[in-house]
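**Q** Coordinates for the following, if possible.
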Amino acid sequence: MKEVKTELFRQINDAIKIDSFAKVDEKLKKSYKNKTLFSIIFCCVFAVVVTTAIIILVLAFIVGIKALEIPGFVCSAILQVSVYSAIAVWFIWKKSKTKVNEQVFEDFLKSNEIQKLYLKYYEEEFEFKGLTNFEFKFNSTFTEPSLLVGSVRNFNNLIRCPELNENNSYFSFVINGHKGEFQIDYPKIFAEPRTSRGVDGKAFISNTKIFLDSTKFDSSLNGLVVRLGKPEKDEYQNESIMFNDFFNINTSITDFRAAKFLTPKNVEIILENITENFYSIGFNNRLFSEHFYNYQFINTIGQIDKEKTSSLNYIVESIYKKIKMDFDLFKVALDLVNKVNN
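**A** The predicted structure follows:
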């Protein structure tokens, strides 16, 4: 495991850093160099001024020479101004550096290096029996999540059949002869000023969805969704008391489709493989499942937050963590639908 991690880190590091600065826009590069040079000169002057001011202040305090009282006061003022100026210069330089790093990361995403890294992780570290034909369909366009009306709770209560968004990145694969796709949606943001789990009056929700071709089920089951929550009086209830305590299905008591989907074997699989983030499983021309990660901001596959581009080292570390997280989420989703489909 350690060797794989080290090798993957090396590859990410090489992909990000080799000639990365050379490819940056000349105007942006020149601005960064000028601000860096100015910062260095300022730091030198700052060091001299501060050192001189401290020496005068110490002499004025220890020796008590009246002639040093006025210079001491002036030096104290100069020292304060210098400190504030140093902080301002640091922020200006940091912002310039961040812009350079953002462009480096954007250029990296536009290349095919990210797909190569995901493929390497899949080939060397990801294990799942029967999984073949893995591909990473990557969209480098970054979409800022928009603020939605409603709440996390209301969104969770919606009954729906998810669809694959081909404009968003996703994994394509074949498992035991069945074609499938896995996708992480763009995070959703709701205004929830009263929630203790939100940030700055906002609450995040992230979700994954997986789709799998199936010869086990047919179109008569289209629109069927099993999700968390106890069934209403007129809704189908399973023979399993434990299942009814946790799940409901959007069919009536007399609808035979529910029994066709919720066989004793499938009920057992769902109960045994349930996780805290499970949301639904169902059928709509294909078998599907969704997992919701309430109050978590999880970006789409291959994307990291722009806030994490403050340094190239941080970018490298964030990309590695993102690759590992995406495959962990993929494995959770794939494990459930694969067992139900067999």
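**Q** Distance check, the spatially closest residue to Asn284 that is not a sequence neighbour against Glu7.
**A** Leaving out its chain neighbours, the residue that sits closest to Asn284 by C-beta to C-beta, 6 or more residues apart in numbering is Cys161, at 3.9 Å. C-beta coordinates here come from the backbone N, C-alpha and C atoms, glycine included. To Glu7, Cys161 is 41 Å away according to C-beta to C-beta, to the nearest Å.
**Q** Spit out the contact partners of the residue nearest to Asn284.
**A** Shown in contact with Cys161 (C-beta atoms under 8 Å, 6 or more residues apart in numbering): 223, 225, 282, 284, 288.
**Q** cool, and Gly282?
**A** 161, 223-227, 261, 288-289.
**Q** which of those has the most neighbours?
**A** Val226 (27 neighbours; other C-beta atoms under 10 Å).
**Q** What does that one show for phi and psi?
**A** phi -100, psi 130 (degrees, to the nearest 10).
**Q** these two touch, right, it and Ile281?
**A** Yes - under the criterion of C-beta atoms under 8 Å, Val226 makes contact with Ile281 at 5.3 Å.
**Q** shared neighbours, the two?
**A** Contacts common to Val226 and Ile281, judged by C-beta under 8 Å, 6+ apart, are Ile270.
**Q** pLDDT of stretch 183-192, averaged?
**A** On average, the pLDDT along stretch 183-192 is 84.
**Q** ok, now stretch 219-234?
**A** 84.
**Q** Helices along the stretch 101-250 of the chain, start to end?
**A** For the stretch 101-250 of the chain, applying DSSP state H, counting those that start in this stretch gives helices covering 113-124, 152-156, 241-246.
**Q** okay if I get the ones you listed as TSV plus distance to Thr141 and mean neighbour count?
**A** Output for those, formatted as TSV (distance: least, C-beta to C-beta, whole Å; neighbours: other C-beta atoms under 10 Å):
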stretch	distance to Thr141	mean neighbour count
helix 113-124	13	17
helix 152-156	24	15
helix 241-246	38	13
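**Q** Look up how far Ile241 lies from the residue nearest to Asn284.
**A** Cys161 is 27 Å from Ile241, where distance means C-beta to C-beta.
**Q** Any stretches of this structure with poor pLDDT?
**A** Residue ranges of the chain with pLDDT under 70: 1-6, 16-50, 52-105, 109, 142-147, 149-150, 159, 192-201, 306-312.
**Q** for it, what's the longest strand?
**A** In terms of residue count, the longest strand belonging to the chain (DSSP state E) is strand 202-212.
**Q** buried residues in that one?
**A** By 16 or more other C-beta atoms under 10 Å, the buried positions in strand 202-212 come out as 203-212.
**Q** In a markdown table: the helices of the stretch 101-250 of the chain, plus distance to Thr51.
**A** Written out in a markdown table, the entries for those read as follows (distance: least, C-beta to C-beta, whole Å):
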| stretch | distance to Thr51 |
| --- | --- |
| helix 113-124 | 47 |
| helix 152-156 | 55 |
| helix 241-246 | 69 |
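**Q** per-domain residue ranges of the protein.
**A** 16-110, 113-341 (automatic domain parsing).
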